[in-house]
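Student: please work out how this folds:
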Amino acid sequence: MLKAFKWLHWVIDLRFLPDKLQIWLFGTGTRIIEVLSGLAMLGFATVFALHGEEMIKEDLYEKFLHLHPKIFVAILIFVAIGQLFAAFFHSSRSNIISGCFLLWSALIWVVVSGTFIAAYPPLSTGMTTYPIIAIICALAGRNLIKHTKRVEDKKGGE
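Tutor: Residues are numbered from 1 along each chain as shown. Alright, predicted model coming up:
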């Protein structure tokens, strides 16, 4: 049983990938995810800040009312700006911070997808798109943190 968990952990952490590919994937690749997620959050926040009251009247968006729109917009802006700001730096510390912002982004995208799921019926693209974005952000954030720690551990051991 323990061996199965070690194997699962090895697969989830993508440890089977060569170091160079991990550096590219979680350096450059993660930055792309951070920027896209941050910009999407800023877009979401802008739309809700400017036209949230009208949007909430629509059946598809009525469940967003439960999120307290002004607080929701503030959280989106805070996480988006933090995520975008952290993406510009390339130190181990900024990578850990970026990973944390990606994990917070994943949580936000889960909440967003939950509001679309709660508005069912009808089916909507928000029921599938935002859970996928949440999973991508969560995996990227977790792996960025884990990979940065492994790189730092290697530096300390040399």
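Student: and the longest helix seen in the chain, what does it pack against?
Tutor: Ranked by number of residues, the top helix in the chain under DSSP state H is helix 126-157. Packing contacts for helix 126-157, counted by 3 or more Cβ pairs under 8 Å, 6 or more residues apart in numbering; DSSP states H and E, involve helix 30-56, helix 92-118. The C-beta positions use only the backbone N, C-alpha and C, and glycine is treated the same way.
Student: list the buried ones in the last one?
Tutor: Same thing as helix 92-118. For helix 92-118, a neighbour-count test (16 or more other Cβ atoms under 10 Å) marks 95-106, 108-117 as buried.
Student: and if you look at the first one?
Tutor: Residues of helix 30-56 classed as buried: 30-31, 33-34, 37-38, 40-42, 44-45, 48, 52, 55-56 (neighbour count, 16+ other Cβ under 10 Å).
Student: and these, which is closest to residue 146?
Tutor: Using Cβ to Cβ, residue 30 comes nearest to residue 146 of those, at 11.6 Å.
Student: any idea how far the closest one is from residue 126?
Tutor: Counting by Cβ to Cβ, to the nearest Å, the gap from residue 30 to residue 126 is 24 Å.
Student: one step back: nearest to residue 5, out of the helices and strands packed on helix 126-157?
Tutor: helix 92-118 (21.3 Å).
Student: what about the closest one, average pLDDT?
Tutor: Averaging pLDDT along helix 92-118 yields 92.
Student: name the nearest residue to residue 137, sequence neighbours excluded.
Tutor: residue 106 (4.0 Å; Cβ to Cβ, 6 or more residues apart in numbering).
Student: quick check: that neighbour touching residue 132?
Tutor: No. Using Cβ atoms under 8 Å, residue 106 is not in contact with residue 132, being 10.9 Å away.
Student: overlap of the contact sets of these two?
Tutor: Common contact partners of residue 106 and residue 132 (Cβ atoms under 8 Å, 6 or more residues apart in numbering): none.
Student: so what's residue 48 up against?
Tutor: Per Cβ under 8 Å, 6+ apart, neighbours of residue 48: 55, 64, 69, 72-73, 76.
Student: that one and residue 111, how far apart?
Tutor: Distance from residue 48 to residue 111, by Cβ to Cβ: 13 Å.
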